[in-house]
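S.K.: I'd like to go over a predicted model; first the sequence, then the structure.
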Amino acid sequence: MIPKISLLLSLAVLSLRLTAPGIAQQVCLPSPRLLTMMPMGGQAGTNVEVTISGEYLEDVSELSFSSPKITAKPVLGPDGKMVENKFLITIAPDAPIGVHDARVMSRMGISSARVFSIGSLPEITRIKPNTSLETALALPVNSVCNGVMTNRAVDYYSFQGINGKRIAVDCAALGIDSKLNPVVIIADAKGRDLLVNRTGGALDFTPTADGTYLIKLQSLTFQGGPQQFYRLALQEISGSGPIPRQASTAKVSSFSWPPVGAPAGPVLAETEPNNLPAQAQKITLPCDIGGNFFPAADVDTFEFSARKDEVWWVEVGSERLGLPTDPFVLVQRVTKEGEKETLTDVAELYDIPSPMKVTINGYSYDGPPYNAGSPDVLGKVEIKEDGVYRLEVRDLFGGTRNDPGNHYRLIVRQAAPDFSLVAWAVHMELRNGDRSALSKPIALRGGAGMAFEVVVVRRDGFDDDIELGMEDLPAGVSARGLKIPAGKVQGMMIISAAQNAPRSFGIAKMFGRAQINGASVTRPCRLASMEWPVKDASTEKIPSPRLVADVPISITDAEQASVSIVAAENKVWESKVGETLKIPLKVTWNSEFTGSSLKMKTYGAGFEAVKEFDIPLNAPAAEAVIDLAALKTPPGEFSIAFYGTAVVNYRYNPASIKVAEESQKKAMDDATAQTAEAQRLANEAAAAPPEKKADADNAAKLALEKQKQAEAALAEAGKRLKSATDAAAPVDMTEIFVSEPIRLAIKAAEVANTTPPAPAK
Amino acid sequence: MSIQMRRALSTAVCGVAFLWASAGQAAEPGSPVSFVNDISPILTKAGCNSGSCHAKAGSGQRGFKLSLLGFEPQEDYEHIVKEGRGRRVFPAAPEESLLVLKAANTVPHGGGMRLDPQSEGYRQLVRWIAEGMAFGKDSDPKLTSIDVEPKRMTLPVHSSQQLKVTAHYSDNSTRDVTPLALYEPNDKSMAETDEAGLVRTLDIPGNVAVMVRYQGKVSVSSASIPLGATVENLPPSKNFIDDLIFANLKRIGVPPSPVCDDSTFLRRVSLDIAGRLPTLEETKAFLASPSPDKRDQAIESLLSSSDYADFFANKWTAILKNKRDEASDITANFAFHSWVRDSLLANKPYDEMVRQLLAATGTIVDNPAVAWYKRVKEPNQQMEDVAQLFLGVRMQCAQCHHHPFERWSQWDYYSLTAFFTQVGRKPTSTAGEDLIFHKRGIAQTENKKTRLPVKPAALGTPTLEIPPDDDPRLRLADWMSDKTNPFLAKSLVNRYWKHFFKRGLIEPEDDIRDTNPPTNPELLDALARDFTEHNFDLKSVIRVITQSHTYQLSAMPNEHNAVDRQNFSHYYPRRMQAEVLLDAVNQLTGASSDFGDLPPGTRAISLPDNSYNRSSPFLKVFGRPESSSVCECERVQASSLAQSLHLMNAADVKAKLTMGNGVAESLTKSELPEPEKLQQLYLTAFSRAPTAEELQVAGDSVLKVRTNAQGQPLDPQQSKRMGYEDLLWALINTKEFLFNH
């Protein structure tokens, strides 16, 4: 049961949405999105009151997290009712330090995720503007400040530095879903810059005198606003090691790291100096080595012996650890003739290519904007002759950089076939700049389907089929994977909600399963999402994608899908190789559409070439025709789904108009009554005898105040009604829709019986 | 036209034409005339193979093509002797050859008469054709060098000196090629030359060099032109700059002006280091300080300020082409500008900055120096920019032919380009922005003319064998940052010298070559040495320059040195550059600028790129560059009528004068005595107190009762405020304000 909260927030949000200028046609029907939280983190073992904001959030009832150690309950006002947008979060003392996903449950279901950070330091929140030296906010050493960057300004903080005491300043922003590209500057008390960092948000500073110092925080391009939030940590540190950094979300590329079975850390450490061939570090294979790309233009050289026909797989993790590196591995055979040494290239190992070709620029239609590959290394070395070999590791970005924090892990192993999976909501061919599909939550309407592309990074020669599946689905939700065939890198996952299903919610799991060396192996499939909805990619920067913590799924009963397409029967559709399979479809229409028909294409490996077919608008049934001969479909079991895009004439939350009308009527009644009462008391006061005059005047004054309040409430109710009416006005939106998956069983064609009939007896 | 008619015409024309070619160096009597050693120089001297004639890019002139200045004799020979089935030469009647008829203008020739039939050059050409047009033999002596005499000379003003040029050949023979050599002074306001090699000095004292060219070889003759005045009472020497400058002034007899007063110094050094006027408080404190080393202290204070980093970042980012072409360039441009600014703030050694820029890898956000590769995409362009910016060498000419004024050949051009051939690029999610990495492989490029592969070699060094795994750009950076590198330090100190003195020791500042010697070579060497000894510390260059008494000389010339333009006998005043002037006007009037995207009040010298020029007529009219060239000359420092009108009448200037809470209003409201207010204004504008006369005139003007359109007196406060506005307007429009002096 989801208690309702006031419409005020939702209407305010809607009015913002509807007044945003210059936005191209919206793609995807509205989905609830949690966009900001303030503060956006807290110290373990404390309670934190947060204020949230977002899009399409009405009737927000719950705030939940990807960690059970973080819980929240609504803040209640003096009247016992929920205070809009406010929750009190309780962070358990043993809550894991790091980033967690937060999301809210709303009328339309579960929202998209926003980072909530848990730290070990006390926290404060910037409340007042601090955009000048005079208004600098005092930040205690060993604390974190949650703030929002001011547009076209610099946020000033002050702290007391002690001569010789090393401190670290770390501004978390891009790694906690913020759009802020932070610049941190330490300045003297007069604001004169002493130390600047514009590329990572962190400064390592040791004051040379006791006194007041300033931290100046700004955006690289001086942009600000609610979406440009930050967590500024200031802490004293000892020793000379790297400064501590706040946790960040995981890049999409990191889904393929670490390899299954690898120990938590490297077994060996590289030993400098090893830049030159003569300094090569002797190793034996297999190996697991940790090293650093330091100093600039560092080369780490290792030497090993190998025998003919050995095959070694080399994997380097560095960029997938969140570092701005581009590892490269060169393996050479060493032969000697007297003192003369000859090196022969055996393998050059560059990047892990993106399994799917990535859109060339984030806005063309030639692929998803997710790069699931990595600049890291994963490749094979085939040994053709017995001998001595050298392996060099370099950072192709490291020629001039001197950052000891840029480390790597090199694993050389014999083949351990395996795979890693990642999925994301499909992008499709979009005709305008709206990229909302890339960040929408799995908040399903009844009868809706949502399609995900699932891609694989295959390891060490594994090349077989990968079946895709989900478990722990909430009631009313089904999911079916369209497998990744042998030799391919992409499959699909279709998540569907039953028509008219009741509200439900759950955290599901996505996985892939394959046979490896005769055993069934199951691997999790991570989910990736853009951090922000993009209304117009031609004017907005494409935000970073990241891995989300888990797979929350909800069904709302507030709306049904615009159109639901299912097979007329829930069964396995059987056919034979070379035949034509006709599948009757049942179509349920819940919205008006533009045009005359829906054009349907087909998902499913080997079925992409099914001839596009039309479903006339409002037709209750249709038929898909699959020419198995033309597709050359072999015998086997398959899953397919039909999909397309169409323009829906959509009305958002028309029910809210009625609520607003009732609210306005009540406000009108209140105002009328209060006006009459005020008039009555004014008349009484005018006629009151002197001894009662003061009391009567007082009563009349109070009544007049109430009248004014009632009039203000009426005006507000009128605005809400207008907002609700405007929001519910029909708008054309492009919707991506997908049918429920359909299972096929294709049998071998019957071989004509050429055996002569048995002679009659 | 018949042969007879041609001859008649030829005779007639020769009778009236005056030509250079009255002389020519004959081939040795008895030895055959060689195209390479004898004819090509004649054609060069006659101008036939100049860029505007038959060496014009493309197809030459009217189908007849020669290589520029005869750098490709083999090709020229083919064109003259063989092209068009040999139609240009006629050995049977050499004087009837088309080549000869055209050169002598016997038949109509667009270039007119280039060879007088009476000249030695003409006779040589005819003889060469008559002898069968020998190209020359492999065994012929090769030109190895030329010498000019005198190499150094001292010439009074309005005097002359004949030069003699001797060519040296591989067989140790020599030849006097004075008539065939080309002559060009590097400062035509100081000396002029004629085609025979006669140098005439004009009336400006100093040092001038005459470049001499002959068949791809160059030499130079330097002339010192003394004024001859008595040089006494030299300021005491603060450092080696003074030693060398004053020694030169003594040598040429130009007495320096005295050292300037404190006000002038503080204003000058603040504008030059920090790009701003000193504040009122700074000025008061400085003028009141009794400290004997307060000038050095002021220099240190400015050098440690972020204003220094802002101002010099403004200088560098313009020539590093931090240009906004698309709105989406904003992140890259801000990041790059900040990288330069922060590097200067941290006083990163110059060689390290250069290394980080030219060998940048990664993404712009992680390593902003990569942004340079976003704007400069091609290896040859990268090489040309690096050479001009950091080495002071202009390599552009050598792409197509041997550099006409330099020793650099096409081989040098392509071998320097080869350092940039292993720059790998990967696309990023931002359109137009690549990720830069070192692409494994052997660095080499193709000489576009010979089609031969060329491996990396730095200027004047042998070819390097760079393993495929090494980023060649790092090897180039190694060479550049070697303390013995003859270019990097010289180029930088010359560029910075010009920043502080208006004129480089070499002009233009990024055209360092043997044929363009410095006006004070010892000083350039000493500055470069000092820079490298300080480990390429940029602040050390500024410190040593600004601490010198040479820098601190008065701008007021004495009776002798007003004509001096290159010996630094007095400070050469110059108009404040656009950004500095705008900030100065704001500072004086209490106004501030509001540039889109940036925090209100951001100073013009802190602007990250050129895009703000569009919205600021002020910056545009005063010549802020568009960051499209590596040459500082893109900044327009010339004066114009538009600038005067802008300062006098433009709406934005007027708004600054009359703004609420501006200086005019606050002075009007202030209860300080009027003379004190006027003192503040003068101290802010000029860093000096007003004279008694100025105080009187300005005070009268401010307090004058003003009337409205109807002639009625205005409210006294309003009248006074207008008085201050008028005074501010007048101060802004003075040369003393507009110029750094």
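M.R.: Happy to help now that I have it. All figures in this text were calculated on a predicted structure; none of them were measured in a lab.
S.K.: What is the burial count for A:Gly322?
M.R.: If you count neighbours by other CB atoms under 10 Å in any protein chain shown, A:Gly322 ends up with 16. Where you see a C-beta, it was placed from the backbone N, CA and C, and this is true even at glycine.
S.K.: I meant to write B:Glu83 there.
M.R.: B:Glu83 has 14 nearby residues by other CB under 10 Å.
S.K.: just checking, it is part of a helix?
M.R.: Yes - counting by DSSP: H, G, I helix; E, B strand; the rest coil, B:Glu83 is part of a helix.
S.K.: Extract the CA atoms of stretch B:265-282 and return them as PDB.
M.R.: Extracted in PDB, the C-alpha atoms of stretch B:265-282 (Å, rounded to 0.1, in the frame of the first residue of the first chain):
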ATOM      1  CA  PHE B 265      58.400  52.000 -12.500                       C
ATOM      2  CA  LEU B 266      55.600  50.500 -10.400                       C
ATOM      3  CA  ARG B 267      53.000  51.200 -13.100                       C
ATOM      4  CA  ARG B 268      55.300  49.900 -15.800                       C
ATOM      5  CA  VAL B 269      56.200  46.700 -14.000                       C
ATOM      6  CA  SER B 270      52.700  46.000 -12.800                       C
ATOM      7  CA  LEU B 271      51.400  46.300 -16.300                       C
ATOM      8  CA  ASP B 272      54.100  44.200 -17.800                       C
ATOM      9  CA  ILE B 273      54.100  41.300 -15.200                       C
ATOM     10  CA  ALA B 274      50.600  41.300 -13.900                       C
ATOM     11  CA  GLY B 275      48.700  42.900 -16.800                       C
ATOM     12  CA  ARG B 276      47.100  45.400 -14.500                       C
ATOM     13  CA  LEU B 277      47.500  48.900 -13.000                       C
ATOM     14  CA  PRO B 278      48.800  48.900  -9.400                       C
ATOM     15  CA  THR B 279      46.100  49.300  -6.900                       C
ATOM     16  CA  LEU B 280      45.800  52.600  -5.000                       C
ATOM     17  CA  GLU B 281      47.000  50.800  -1.800                       C
ATOM     18  CA  GLU B 282      50.000  49.300  -3.600                       C
END
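S.K.: Quick one: distance of that stretch to the chain centre.
M.R.: Distance of stretch B:265-282 from its chain centroid, counting by CA atoms, centre = their mean, to the nearest Å, is 26 Å.
S.K.: That one vs chain A: in contact?
M.R.: No - Stretch B:265-282 stays clear of chain A (CB under 8 Å from any CB of the partner chain), getting no nearer than 11.7 Å.
S.K.: contacts for that stretch?
M.R.: B:260, B:283, B:286-287, B:295, B:298-299, B:302-303, B:305, B:307-308, B:310-311, B:314, B:499-500, B:542, B:546, B:551-552, B:571, B:576, B:579-580, B:583-584, B:587-588, B:603, B:605, B:680, B:683-687, B:740-741 (CB atoms under 8 Å, 6 or more residues apart in numbering or on different chains).
S.K.: any idea how far B:Glu131 is from B:Ile42?
M.R.: Separation of B:Ile42 from B:Glu131 (CB to CB, to the nearest Å): 15 Å.
S.K.: With neighbour numbers in mind, choose between these two.
M.R.: B:Ile42 (27 against 14).
S.K.: Can you tell me the SS state at the nearest residue to the more buried one once chain neighbours are set aside?
M.R.: Once flanking residues are discounted, B:Ile42 sits nearest to B:Gly121: 4.3 Å by CB to CB, 6 or more residues apart in numbering or on different chains. Here B:Gly121 is recorded as helix under three-state DSSP.
S.K.: how near is B:Gly121 to chain A?
M.R.: 56 Å (CB to the nearest CB, to the nearest Å).
S.K.: Show the model's pLDDT score for that residue.
M.R.: pLDDT, B:Gly121: 87.
S.K.: List phi and psi for B:Gln422.
M.R.: Taking degrees, to the nearest 10, you get phi -110, psi 30 for the backbone angles of B:Gln422.
S.K.: pretty sure it contacts B:Gln444?
M.R.: No - with contact defined as CB atoms under 8 Å, B:Gln422 does not count as touching B:Gln444 (9.3 Å).
S.K.: The two: which has the busier surroundings?
M.R.: B:Gln422 (22 against 19).
S.K.: what sits against the more buried one?
M.R.: Residues in contact with B:Gln422 (CB under 8 Å, 6+ apart) are B:438-441, B:443, B:471-473.
S.K.: what's the nearest residue to the residue of the stretch 1-150 of chain A found nearest chain B if we skip its chain neighbours?
M.R.: Of all residues in the stretch 1-150 of chain A, the one sitting closest to chain B is A:Thr131 (8.1 Å; CB to the nearest CB). Of all residues not flanking A:Thr131 in the chain, A:Ala153 sits nearest, at 4.2 Å (CB to CB, 6+ apart).
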